[in-house]
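Undergrad: make a model of this:
(2 chains)
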Amino acid sequence: MGTAERMLCLWCPDWPVVTARRRDPGLAGVAVAVLERGFVLSASSEARAGGVQRGLRKREAEARCPGLVTLPSDPAAEGRAFEVLAGVVEALAPKLALERPGLLFVPTRGPSRYHGGDATLAAHLVAEAGVAGVAEVRVGVADGTFAARLAARRAFGGDAVVVPPGGSPAFLAPWPVGVLDPGDGGGAPGDASSLCSLLVRLGLRTLGDFAALPEAAVLGRFGPTGLAAHRRARGEEDHPVATRVPPPELEVAHEFDPPTPRVDAAVFAGRALAERLSTALAGDGLACVRVRVEAETEHGERLARRWRSRDGLSPALLAERVRWQLEAWIGGRPRGTAPEDTEEATGGLSLLRLVPEEVVVAGRSQLGLWGGDRAAAERAARALVRLQSLLGPEAVTVPVLRGGRTPDERVAWIPFGEEPYDHRAIVGRSGRDGQAAPPVLSEPWPGAIPPPAPAAVFRPPRPAELFDAGGRAVTVSGRGEVSGEPARLCCIALPGGGGMVEGWAGPWLHDLRWWDPSSRRRRALWQVKVAGGVAALVAVEGGRASLEALYD
Amino acid sequence: MALPATAQRAQPSLVEVAGRARPVVLAGERRLVVPGPVGDLLPGGGLQRGTVVAVDGSAGAGGASLVLALLAAATAAGEWAAVVDAGGSFGALAAAEAGVALERLAVVHLGDRGVPGEPGGRGVAGEPGGRGVPGEPGGRGVPAEPGGRGVPAEIVVSERFGPVVATLLEGMTVVAATVPGQFRAAEARRLVARARERGSVLVAAGSWPGEAALRLRAEGSAWSGLGRGEGLLGARTLRVSVAGRGAAARERTAEVPLRAAS
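TA: Numbers count the residues shown, from 1 in each chain, chains lettered A, B, ... in the order given. Okay, here's the model as predicted:
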C-alpha cells in the first residue's frame, strides 16, 4: 500500500473540438463533432446536449443533432496545440509526461512542496492555462495515475479535485467498474471492456468490490489483464513501482546531416527509430511505458518531451507519439495551421533521440505489429523500412481491398507502416495492432466487373482500339446503346498487337459521379477474348478505347 | 571405383542408416510447399528455398497468374512476400483471389510514378515527378534522386532494380520481380548469391539473364465460359513448360487447370 507515486492529471475534455475551435473561432457556441474514419471521436457540449456521442456514425450524429458541424480529426494539429499547454505546465512543474494530446500527468512531489501544496499547484496550473487561452482544464491530484485521472474527471468548474495522500482506495471504491475500460484511446480496449462486463455479470459493480478480492485469486481467474485492473482499482500503479531504469545503450538516435527543416523527413526517421527501439527492447524482453523524445536543432536548442502509455508503447503507438511531438516542434508556429508553415521552421532538426525512461517486462504488451510469426514480420518490416528510406515512403505499399467496380478501383495502396483507412469501405483486412477491425460496409456496386480478376491491371490504361465487324470503332451512346459487336481489338500491350475477338461479355455501363457535371464519367467495359487465348478488359470512354487490364 | 564385396553388400544398409541419422530437414532443402496443380508441376511439389525461379511467357499467356500462385503458397504458409512492380501493373485483386494473404504482401513501385493515383482515396503519392526521398538520401548504392528530369524512367527502374531486390531478399521469403529489359547478367549473379545466402526465393518474371533452378514458361491458356456476347470468363487451363536442374532437368509441358473464382 502507498506505493503509488503522487500524480497530478491535467485533462482538457474534447481536445479535438477545442483545437478545431482555436483554429476557427467561428465554431464557438456551435455544435461541433470531430470524426475519425466516419465515426464521432469527440463532440462539443452543444452537440452532446443534442444526443451526439462518441462512436456514433456520422450520418446518425447528423440526424440526432441538426446543424451539426463535422470536421475530420487532425492529430498533428491537436499535438501542436497541446504542446503550448505542455510548455505552460512544464514551467511550473517539470517531468511531465503526455499520454495523448489533451491528457498529461505530472509527478507532484517536488512541485507541490515548492508551490505550497497540491491544491495551490493545481490552482496555479488552471490559472496559467487560462492565460494561455485554454478555458476548460480539469485537474485532479491523487496517489497513482488512475486515481488522478478519475479525480480530473470529477473536477468540474475549474476547481481541482485533490484526493488526500493515502485516500486513493477510498476515493476509487464507489466508482463503477466500467471506468477500468479506458475506452478513450488508452491502449487495447478489447481486453479491458470484456473484463468489465464480466465483472458486472459476476456482481462486482464497483471498484471497491473488485479491490476487496484477494490478489492471487484475481490473477488466477482473470490473468495479467485482470491483475493490472485490480492494482488500478486498489489505487496502485499498473506495474509495480520498482521500475527499472533502462541502461543507456537502449536509447536510439538519428543524426540529420544536413539538418532537416522538413517534418516528413523527421517523422520518417522517427518512425524508423521507434521501430528500432521496440526491437531492441523486445530483444531484452522489455516493453516501454514511458519514453523521452529528444531533439536538437542546428542552432543548438534542445527539446525534450516525455510520453507515456499505460499499456506499453507498441511500435505503432510509439511512432504515432513521435510524430505528434515532431509535428508540434517543427510543424510550424501555433499561429498557423497550413502545411506551408513547415518551411518556416527556424532551425532544422539535427538530432532525434528516443530514450526509454520506464520499462516493464513485456509479458503483457504485445509487440507484434501484424500478428503471425513475429520474427518473420519484424525481418520483413526492417527490409521494407530500409527500402522506404531509399525510395520514399510512398513507393513501398501494402494493397488493401475496398469497394469499387473495376479491378483498379477495388485496391487502395497504403504506404507501408500507415494505418489503412479510407472513406470508402475497406473489406478483407482485419484491424492491426489489437484494434477492432474497421467496419465492413459491403455496399452494392452496380456494374462491378465479375471475377476472375485480371492479374495485370494497367495504371493508367493503355490506349487501344476496338472495332466492330465493319471496321468502325465501337462506341456507346448516352443511353447505353452499343454501336456494334466487338470484332477486333488492337493494342500494343497485347502479343502481336491484338487480333480478332473470339468472345466477349458486356458491356458493363458505369455512370460515375453523375451528380457532378464537372467530374462525371461514363464508360463501358467489356471482357474480351482475342485469338491466342488472351483475355483482356477493355473500356470505352468518350469514344476512345483503352486496355484496362489483362487476364495474364 | 570397385568396392570390396562385403562393402557392396553393406552399402544398402549404410544408405538406410544415413537416411535415418541425418537431420529431418536440411536448411538448404527447406521447401515452400505449393499446393494444387501448380505444385504438381514443381520438383518436390514446391519451391526450394535459396533459389531463383524464372517465369516467362508472352503478355496474357498466364505468367502473372503463375507468379500469383507461387506467392499465394508462400503467404498462406505465414511467410512474407514482396512484389517489385516495375511495370506498375500488379493486380492485387487477382492476388487476393489466388489466395495471397494481402496483409503479408508488400508491393514496391519502381520508377517515378510512386503510388498509382486513386480517385478520392488516401495514399496518392505526395510528390509526383520523383523528387522525394525524404528519409536518408544517398550512399547505399541506389541513386537517391531518380535521375532528375532528363533520364528516362526505364533507366531509373533498371538501375534501382538490383539493390531493391537485394534488400527485399534480406527480409522476405519470396520476392517476385518483373525483370527490366536492360538487366545485366553480372547483377543477376549477385542476386542469385543473395537468395542462396538468405534462403529466400526470387521469382523473376520476364527475361532473367542469370541462372535459375527452375524455369517456368507460360505457353498460353484456354478459357471457358465466354461466348460471343454471352457468358463470362470462367475457368482457365494454362499450358506451362517446366525446365530446370536436377530432378527437373528434362523439359516437360503440362496443362494446369486454374480454379474458377468462386
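
Undergrad: which residue is it, in chain B, that comes closest to chain A?
TA: Chain A sits closest to residue B:171 of chain B, with a gap of 2.6 Å, by CB to the nearest CB. Glycine gets a C-beta too; all of them are placed from N, C-alpha and C.

Undergrad: what is the burial count for that residue?
TA: Other residues within reach of residue B:171 by the criterion other CB atoms under 10 Å in any protein chain shown amount to 24.

Undergrad: return the residues of the stretch 251-400 of chain A in contact with chain B.
TA: Applying the criterion CB under 8 Å from any CB of the partner chain, the portion of the stretch 251-400 of chain A that neighbours chain B consists of A:262, A:264-265, A:268-269, A:272, A:370, A:372-373, A:376-377, A:379-384, A:386-400.

Undergrad: run the last query once more with 7 Å
TA: Proximity of the stretch 251-400 of chain A to chain B, by CB under 7 Å from any CB of the partner chain, involves residues A:262, A:264-265, A:268-269, A:370, A:372-373, A:376-377, A:379-380, A:382-384, A:386-392, A:394-400.

Undergrad: picking up where we left off before, just the element for the closest residue to the residue of chain B closest to chain A other than its chain neighbours, please.
TA: The shortest distance from residue B:171 to any non-neighbouring residue, by CB to CB, 6 or more residues apart in numbering or on different chains, is to residue A:383 (2.6 Å). Under the criterion DSSP states H and E, the helix or strand holding residue A:383 is helix A:374-391.

Undergrad: helix or strand right after that helix?
TA: Next in line after helix A:374-391, if elements are assigned by DSSP H and E, sits strand A:396-401.

Undergrad: avg pLDDT for the very next helix or strand once past that following strand?
TA: Using DSSP H and E, the helix or strand that follows strand A:396-401 in sequence is strand A:411-415. Per-residue confidence for strand A:411-415 averages out to 85 on the pLDDT scale.

Undergrad: for strand A:411-415, packing partners?
TA: Counting contacts by 3 or more CB pairs under 7 Å, 6 or more residues apart in numbering or on different chains; DSSP states H and E, strand A:411-415 packs against strand A:396-401.

Undergrad: paired strands for the strand it packs on, with orientation please.
TA: Strand A:396-401 has the following strand partners under DSSP bridges: strand A:411-415 (antiparallel), strand B:105-109 (antiparallel).

Undergrad: so that strand versus helix A:374-391, what angle?
TA: On the basis of axes from the mean of the first three to the mean of the last three CA atoms, to 10 degrees, strand A:396-401 is oriented at 120 degrees to helix A:374-391.

Undergrad: distance from strand A:396-401 to the middle of the chain?
TA: The chain centroid and the centroid of strand A:396-401 are separated by 17 Å, computed with CA atoms, centre = their mean, to the nearest Å.

Undergrad: and if you look at stretch B:48-63?
TA: That offset, for stretch B:48-63, works out to 6 Å (CA atoms, centre = their mean).

Undergrad: start to end distance for stretch B:51-65?
TA: 20 Å (CA to CA, to the nearest Å).

Undergrad: just confirm yes or no for it near chain A.
TA: Yes. Applying CB under 7 Å from any CB, one finds stretch B:51-65 touching chain A at B:58, B:59, B:60, B:62, B:63, B:64, B:65.

Undergrad: list of residues touching that stretch?
TA: A:455-456, A:493-495, A:534, A:536, A:550-552, B:47, B:66-67, B:192, B:195, B:201-208, B:210, B:212-221, B:238, B:258 (CB atoms under 7 Å, 6 or more residues apart in numbering or on different chains).
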